[in-house]
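Chemist: Dropping a prediction and its sequence here:
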Amino acid sequence: MVMGVAAVIGGVLRRCGGLWTYLTERVKARKEVELERERNSATAAVIPLLPPGTDLFETEPNGRTRVIRMAPATSAPISLDRDEPPAGELPQ
């Protein structure tokens with residue numbers, strides 16, 4: 001009796017190999033999507049906290065590296081003197 005049940009289960013598992021492979025790959029893909037979603041939300045939370053001119057490096061276990069560069073801080077606002085044309089323009 002036990003041998004018969006084991007044989008039936010073994011036969012079902014052999015025939016459903018494609019199903020188990022599909023389900024395994026689906027779980028792995030969903031896990032990667034959830035991990036990427038969490039990584040993106042954490043990055044979005046950190047970006048406003050970065051000081052100007054810094055670089056944020058994110059390295060993943062598979063070797064992919066993402067670099068986010070913050071714009072450098074600008075100095076005092078540039079005011080245009082009306083006596084001189086703006087850079088790149090010819091005087092009229």
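Modeler: Nice, I can see it. Here the structure is a predicted model, which is why all the values come from computation and not from measurement. Numbering: from 1, shown residues only.
Chemist: after the longest helix along the chain, next one along is what?
Modeler: For the chain, the longest helix by residue count, based on DSSP state H, is helix 17-46. Going down the chain from helix 17-46, the next helix or strand is strand 55-59, by DSSP states H and E.
Chemist: Output that next one as CSV, nothing but the C-alphas.
Modeler: These are the backbone C-alpha positions of strand 55-59, laid out as CSV (Å, rounded to 0.1, in the frame of the first residue of the first chain):
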residue,chain,number,x,y,z
ASP,A,55,27.4,60.4,-5.3
LEU,A,56,25.3,57.5,-4.1
PHE,A,57,26.5,54.1,-5.2
GLU,A,58,24.2,51.1,-5.0
THR,A,59,25.7,47.7,-5.7
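Chemist: so after that strand, what's the next helix or strand?
Modeler: That would be, after strand 55-59 and using DSSP H and E, strand 65-69.
Chemist: for that next one, packing partners?
Modeler: Helices and strands touching strand 65-69, by 3 or more C-beta pairs under 8 Å, 6 or more residues apart in numbering; DSSP states H and E, are strand 55-59. For glycine as for every other residue, the C-beta is placed from the backbone atoms N, C-alpha and C.
Chemist: helices or strands next to the strand it packs on in the packing?
Modeler: helix 17-46, strand 65-69.
Chemist: rerun at 6 Å
Modeler: strand 65-69 (3 or more C-beta pairs under 6 Å, 6 or more residues apart in numbering; DSSP states H and E).
Chemist: pLDDT value on Ile9, please?
Modeler: What the model reports as pLDDT for Ile9 is 70.
Chemist: Counting neighbours, what do you get for it?
Modeler: Around Ile9 there are 10 other residues, counting by other C-beta atoms under 10 Å.
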